[in-house]
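S.K.: I'd like to go over a predicted model; first the sequence, then the structure.
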Amino acid sequence: MGRLTGVRVVPLEDVAPIELPGGSWSRVLLTGERVASASSLGYSSFAPGTSTAMLSHATEELAYVLTGHGELRLDDGTVAYGPGAGLYIPADVWHAVANTGDEPVTMVFAFPYPDYPPTERRPVDGSEPGR
């Protein structure tokens, strides 16, 4: 039987969560350091009624919504999303991820960068910036 070289499986529970406000969290599973990838892949869960701080990534972001309903809050409006939606956020676009429903929003996200990319943050209501 042949050997698969370089193939890696990284279980979600093997990656420590990055705690976000309101019981939300994010985990970056696949990174350049962990699997020698030029891109990164992660998974997030946003609790009902929560929103991230406004963020602007140095790279584009791709995401796929698994569960829940919410909206991307942009400087010039909002874009609603729900289960089964693919999200494309260009580089340098200010956005916040908000859960407007009554169940957790879970999504898979990816960046063409070997880790979570350089990101600017605007604080929410003077509080500590979120991811």
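M.R.: Yep, it's here.
S.K.: mind listing the strands for this structure?
M.R.: 18-19, 25-30, 40-46, 54-57, 61-67, 70-74, 77-81, 86-89, 95-99, 105-111, 119-122 (DSSP state E).
S.K.: any idea which of those strands is most buried?
M.R.: strand 95-99 (a mean of 22; mean count of other C-beta atoms under 10 Å). For glycine as for every other residue, the C-beta is placed from the backbone atoms N, C-alpha and C.
S.K.: CA atoms only: put it into PDB for me.
M.R.: What follows is strand 95-99, C-alpha atoms only, in PDB (Å, rounded to 0.1, in the frame of the first residue of the first chain):
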ATOM      1  CA  HIS A  95     -16.600  44.500   8.200                       C
ATOM      2  CA  ALA A  96     -18.100  43.000  11.400                       C
ATOM      3  CA  VAL A  97     -19.600  39.600  11.600                       C
ATOM      4  CA  ALA A  98     -23.000  39.700  13.400                       C
ATOM      5  CA  ASN A  99     -25.300  37.000  14.500                       C
END
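S.K.: for the residue nearest to Trp25 when sequence neighbours are not counted, give me its contacts.
M.R.: Counting by C-beta to C-beta, 6 or more residues apart in numbering, Pro17 is the residue found nearest to Trp25 once chain neighbours are left out, at 4.0 Å. For Pro17, the contact set (C-beta atoms under 8 Å, 6 or more residues apart in numbering) comprises Trp25, Ser26, Arg27.
S.K.: Pro17 and Thr78, how far apart?
M.R.: 27 Å (C-beta to C-beta, to the nearest Å).
S.K.: repeat for His95
M.R.: 10 Å.
S.K.: related to what we said a few turns ago, now the contacts of Pro17 in TSV, with distance to Thr59?
M.R.: As requested, the contacts of Pro17 are arranged in TSV below (distance: C-beta to C-beta, whole Å):
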residue	distance to Thr59
Trp25	22
Ser26	16
Arg27	19
